[in-house]
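In: turn this into a structure:
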Amino acid sequence: MSVAKVVSLNIGQPKTVMLDGTEITTAIYKSPVDSPLLLTKTNIVGDGQADLVHHGGFDQAVCVYCSEHFLFWEHLYQRPFEPGAFGENITLFGRTEEEICIGDVFQIGTAIVQVSQPRQPCFKLAMRHGIKDLPLKIQQTGYTGFYLRVIKEGMIQRGDELHLLDRSKNPLSIQYINKAKYGKQTNVETLQEIIEEPALSEEWRNTFLKKLQNLLKK
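Out: Next up is the predicted model:
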């Protein structure tokens, strides 16, 4: 198995753009940086989040995207996709959603982080690239990326390797979680299994609780 590492560290500040005649403030525009940055409990120093309801905070301190997917998107849309293109703070190589599990604890540089939830694509990705169906395609492929919570603050930089320190007793991959959220064949057992994962963010746990309640009503 290849070594997982940070191939790009990306930050950006909120900016206001026009979408269909409406002003939208977003921090989806991230650019690579070469210098080491401090990873805190809520974000990377120098980075900003415009929508603090859906980005930032303890469970969503760092957004990660897998560089292995860039080639797929380039073939699909016939245009280049580079690090930071999906609004991610860390562009990762060496692990994808099939291998990364909720609750995985990694050391990156001097920081220690834990996988908390998949990334849910929003309309701002479509806006950034001018591709209306991009969020839907991300859901359909499961190429979502994921979020990290910060267990120990520390310095990270491009080239840092990810060292797995701990994993849940019943590891559930990001791909597995995505299929349960967006698929139509999810059963009660699967939902209960996901809800019982202690490292899952409260936001996503509540989403699956509602999904379970609706399923039990049928």
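
In: secondary structure class for residue 208?
Out: Under DSSP: H, G, I helix; E, B strand; the rest coil, residue 208 falls in the helix class.

In: now do the buried residues in stretch 188-204.
Out: 190-191, 194-195, 197, 199-201, 203-204 (16 or more other CB atoms under 10 Å). From N, CA and C alone the C-beta is placed, and that goes for glycine too.

In: nope, stretch 160-180 is what I was after
Out: Neighbour-count burial for stretch 160-180, counted by 16+ other CB under 10 Å, picks out 160, 162, 168, 172-178, 180.

In: tell me how far that stretch is from the chain's mean position?
Out: Between the centre of stretch 160-180 and the centre of its chain there are 12 Å (CA atoms, centre = their mean, to the nearest Å).

In: what do you get for stretch 203-212?
Out: Here stretch 203-212 shows a centroid-to-chain-centroid distance of 18 Å under the convention CA atoms, centre = their mean.

In: determine the set of other helices and strands touching the helix or strand bottoming out on mean pLDDT in the chain.
Out: The weakest-scoring helix or strand in the chain, judged by mean pLDDT, DSSP states H and E, is strand 15-19 (a mean of 77). With contacts taken as 3 or more CB pairs under 8 Å, 6 or more residues apart in numbering; DSSP states H and E, strand 15-19 sits against strand 22-26.

In: mean confidence for the strand it packs on?
Out: For strand 22-26, mean pLDDT rounds to 83.

In: which other residues reach the helix or strand following it?
Out: Next in sequence after strand 22-26, counting helices and strands by DSSP states H and E, comes strand 31-33. With CB atoms under 8 Å, 6 or more residues apart in numbering as the test, strand 31-33 has contacts from 8-12, 46, 83-84, 91, 158.

In: can you check stretch 182-192 too?
Out: In contact with stretch 182-192 (CB under 8 Å, 6+ apart) are residues 139-140, 142, 179-180, 208, 211-212, 215-216.

In: which residues sit in contact with the residue nearest to the spatial centre of the chain?
Out: Nearest residue to the geometric centre of the chain (CA atoms, centre = their mean): residue 146, 2.3 Å. Going by CB under 8 Å, 6+ apart, residue 146 touches 63-64, 97, 100, 115-119, 174.
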